[in-house]
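Visitor: how would this look folded up:
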Amino acid sequence: MSGAEERRQGAAPAAAARLIRRPHLLVALALLAALALVAGLVCARGERASGPPDDAARLVPASALAYVHLSTDPDRTADRRLARLAEALPTVTRLREAVVAAISPQAFDIARDVRPWLGDELAYAAVSPADSVVLAEVADRPRAEALVARIGNLEAAERYRGVRVLIAGPTAIAFVGDFLAVGTEAAVRAAVDREQGDGERLSDLGAYEHAADGAPADRSVVAYASAAGVREVLAPRDGLLGALGTLLDRPGLVAAGAAVTAEADGLRTHVNLAGGAPRDAAFEPLLLERVPERAAAYLGVRGAARLARLLERLGAGAALASVREVLAGEAGVDLDRELLAPLDGEVAIAVTGATEDAAGTGAGAPVVTLKARTADARRTESALARLQEPLARRLALPGSVPGFKPETIGGLEGYTLRVTPELAPSYAVSGDGLVASTAPAGLEPPRGTLAAASAFEATVGSVPARAESLVFLDLRQLLALGEQTGLTAIPGVATARDDLRRVRAAGAVVTQDPAHPSDTNAELFLQIP
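Guide: From the prediction side, this is the model:
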């Protein structure tokens, strides 16, 4: 054999070994699900209507912090549909290219090195804050062994309980039952223990089964996190995962589960939060009828104080603290006691365009409007009256001192502060209701109702009699408004813009589980034409 041939044969194992030693290996492999789909690992063969098997959960300790399972069964329509949706998302394509580039295109090719042997399951488990493992079902053992052989000599590896475990830097590789396990040594050994009947398994954990309650049979992705997993794996992370962990975490939480299903016109996610459901969080969504049909966004919750706490958890605590200080110092108004506390009923926030053209499409600067029930109209009106002067002073343009002027808008007796053509804060208190908006248009009676909008019906569907929260986003309108205001140029938004353009609208319904009052159920749908 020539020296060049030896170098070529040694290049692949060396490149793969370098990858194994990289700290981001497990993250990359955890995302192999998306890469596998995009690479065509789910290929059409036939149809099987039953729910996907989850044998990988038998190899995961019951104490695992988080677990994600992907069905890669080529016989399931739902899996093939998910493949098509994933392939259309630019982020998935960029992710595939980045991971393959990190591994080295000459040394690793998904279609060549994974597709020939991958079975119907791919899973990732965070066994502890320091240990995690990827479990890939093996349908063709010789081909999977060929890939491992490019990394090291499995036959010469040390045995653990009779199983060969190849150690490459901080990563261990072993064939455990019908699965190839790749992860930290402790996590791989834990999988061997479960395969041999030692230790409690995640598949037998009641909390794991309970978190999956209500998941549809045609799901393709299942995710689970214990309460500790939500706090230790998700919440500390930056970006979307950190925000998700913050939203899921709550006192009394036992576990969180989610199932993702690819439907003909989008993605549906069913979420179950076991334990810790808040008391008196439900409301009857009547104000939804007063939200314009062409609204670009809508949020319905019960109680302004609950909304403020949510904003604080999402990182707006410093801003709200500053608002509290300003209101108390300049207007003598206690934000929590005088403004938020009376608004203890239904609260609806909507984002629309400033005007509507002949086609009824929102245009111009975005208008944010809050509509709420108040338990004490006199206290609400008094607090807002005291805010008029300091707010006008802070918003005044150089050389002008505008003030709130009484106006009749949409049949309501209210007040408006005209700062610029785009910004004219207005409000009115009538009966037991408050309407406050960034423009007088927000106080006008709506043309039609959002509940009748086609995008709302497609994403939110039938509005429940009582809900803990309702969310609707018209992504196309929001992106158009963002481009008008320059928000889409922000780095994070700019990166996600191409993916968001693929989504027509999104809707979510959060309700209390009638069978388990301490649990919360949520249905999220992304409409992807």
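
Visitor: you'd agree residue 525 is up against residue 506?
Guide: Yes: taking contact to mean C-beta atoms under 8 Å, the distance of 7.0 Å between residue 525 and residue 506 places them in contact. Where C-beta positions appear, they are placed from N, C-alpha and C, glycine not excepted.

Visitor: burial count for residue 397?
Guide: When counting by other C-beta atoms under 10 Å, one arrives at 9 neighbours for residue 397.

Visitor: pLDDT on stretch 73-93, on average?
Guide: Stretch 73-93 shows a mean pLDDT of 80.

Visitor: okay, and for the stretch 51-200 of the chain, where does confidence drop off?
Guide: When the per-residue scores of the stretch 51-200 of the chain are filtered using pLDDT under 70, the ranges that remain are 51, 90-109.

Visitor: the helices in it, which residues?
Guide: For the stretch 51-200 of the chain, helices defined by DSSP state H, counting those that start in this stretch occupy the ranges 77-87, 90-103, 110-113, 141-149, 185-195.

Visitor: tell me the spacing between residue 212 and residue 477.
Guide: From residue 212 across to residue 477, the span is 35 Å (C-beta to C-beta, to the nearest Å).

Visitor: on that earlier part again, now the helices of the stretch 51-200 of the chain as JSON lines including mean neighbour count?
Guide: Converted to JSON lines, the helices of the stretch 51-200 of the chain look like this (neighbours: other C-beta atoms under 10 Å):
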{"stretch": "helix 77-87", "mean neighbour count": "20"}
{"stretch": "helix 90-103", "mean neighbour count": "16"}
{"stretch": "helix 110-113", "mean neighbour count": "15"}
{"stretch": "helix 141-149", "mean neighbour count": "15"}
{"stretch": "helix 185-195", "mean neighbour count": "22"}
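
Visitor: looking at those helices, spot the one closest to residue 513.
Guide: Residue 513 sits nearest to helix 77-87 of all these, at 24.3 Å, using C-beta to C-beta.

Visitor: so what does the closest one touch, helix or strand wise?
Guide: Here helix 77-87 touches helix 32-38, strand 255-263, strand 266-274, going by 3 or more C-beta pairs under 8 Å, 6 or more residues apart in numbering; DSSP states H and E.

Visitor: sorry, back to before: list residues touching both of residue 525 and residue 506?
Guide: A shared contact of residue 525 and residue 506, defined by C-beta atoms under 8 Å, 6 or more residues apart in numbering, is any residue touching both; here these are residue 459.

Visitor: for the residue lying closest to residue 411 once chain neighbours are set aside, helix, strand, or coil?
Guide: Spatial nearest neighbour of residue 411, excluding adjacent residues (C-beta to C-beta, 6 or more residues apart in numbering): residue 445 at 7.4 Å. Under DSSP: H, G, I helix; E, B strand; the rest coil, the three-state class of residue 445 is coil.

Visitor: now for residue 445, how many residues are close by?
Guide: Each residue near residue 445 was counted by other C-beta under 10 Å, and the total is 10.

Visitor: that one is in contact with residue 412, isn't it?
Guide: No: applying C-beta under 8 Å, one finds residue 445 not in contact with residue 412, separated by 9.4 Å.

Visitor: quick one: contacts for the closest residue to residue 215 other than its chain neighbours?
Guide: Once flanking residues are discounted, residue 215 sits nearest to residue 259: 3.6 Å by C-beta to C-beta, 6+ apart. When contacts are counted by C-beta under 8 Å, 6+ apart, residue 259 touches 212, 215, 216, 219, 221, 222, 223, 269, 270.

Visitor: so where's the stretch 301-450 of the chain shaky on pLDDT?
Guide: Confidence mapping of the stretch 301-450 of the chain against pLDDT under 70 gives the ranges 354-364, 399-401.

Visitor: can you give me the helices in it?
Guide: Secondary structure of the stretch 301-450 of the chain (DSSP H, counting those that start in this stretch): helices at 304-311, 317-326, 377-395.

Visitor: domain ranges for the protein, per the record?
Guide: Here the domain assignment for the chain is 3-204, 278-512, based on automatic domain parsing.

Visitor: switch these over to TSV; also include distance to residue 247.
Guide: Putting the domains of the chain into TSV (distance: least, C-beta to C-beta, whole Å) gives the following:
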stretch	distance to residue 247
domain 3-204	15
domain 278-512	7
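
Visitor: what's the closest of those to residue 235?
Guide: Set against residue 235 and scored by C-beta to C-beta, these come closest in domain 278-512, at 9.6 Å.

Visitor: what's the spacing between the closest one and its chain's center?
Guide: The chain centroid and the centroid of domain 278-512 are separated by 22 Å, computed with C-alpha atoms, centre = their mean, to the nearest Å.

Visitor: gap between the two ends of it?
Guide: Between the start and the finish of domain 278-512 there is a gap of 9 Å, counting by C-alpha to C-alpha, to the nearest Å.

Visitor: how near is the residue nearest to residue 376 when sequence neighbours are not counted to residue 291?
Guide: Leaving aside its chain neighbours, residue 376 sits nearest to residue 342 (4.3 Å; criterion: C-beta to C-beta, 6+ apart). Look at residue 342 and residue 291: by C-beta to C-beta, they are 21 Å apart.

Visitor: between these two, tell me which one has more neighbours.
Guide: residue 291 (27 against 22).

Visitor: in contact with that one, which residues?
Guide: 298, 348, 350, 371, 446, 449, 450, 451 are the contacts of residue 291 under C-beta under 8 Å, 6+ apart.

Visitor: if we go to 10 Å?
Guide: The contact partners of residue 291, taken as C-beta atoms under 10 Å, 6 or more residues apart in numbering, are 285, 297-300, 348-350, 352, 369, 371, 446, 448-451, 453, 456, 472.

Visitor: which among the residues you listed end up buried?
Guide: Members of the contacts of residue 291 that pass the buried threshold by neighbour count (16 or more other C-beta atoms under 10 Å) are listed as 285, 297-300, 348-350, 352, 369, 371, 446, 450-451, 453, 456, 472.

Visitor: strands - which of those residues land there?
Guide: Counting by DSSP state E, the members of the buried ones among the contacts of residue 291 that fall within strands are 297, 298, 299, 300, 348, 349, 350, 352, 369, 371, 472.

Visitor: ok, the last one touching residue 454?
Guide: So that's residue 472. No: with contact defined as C-beta atoms under 10 Å, residue 472 does not reach residue 454; the gap is 11.9 Å.

Visitor: shared neighbours, these two?
Guide: When contacts are counted by C-beta under 10 Å, 6+ apart, the set common to residue 472 and residue 454 consists of residue 505.

Visitor: so the residue nearest in space to the middle of the chain is in which element?
Guide: The residue at the geometric middle of the chain, judged as the C-alpha nearest the mean C-alpha position with C-alpha atoms, centre = their mean, is residue 244 (5.8 Å). Element membership of residue 244 [criterion: DSSP states H and E] is helix 239-248.
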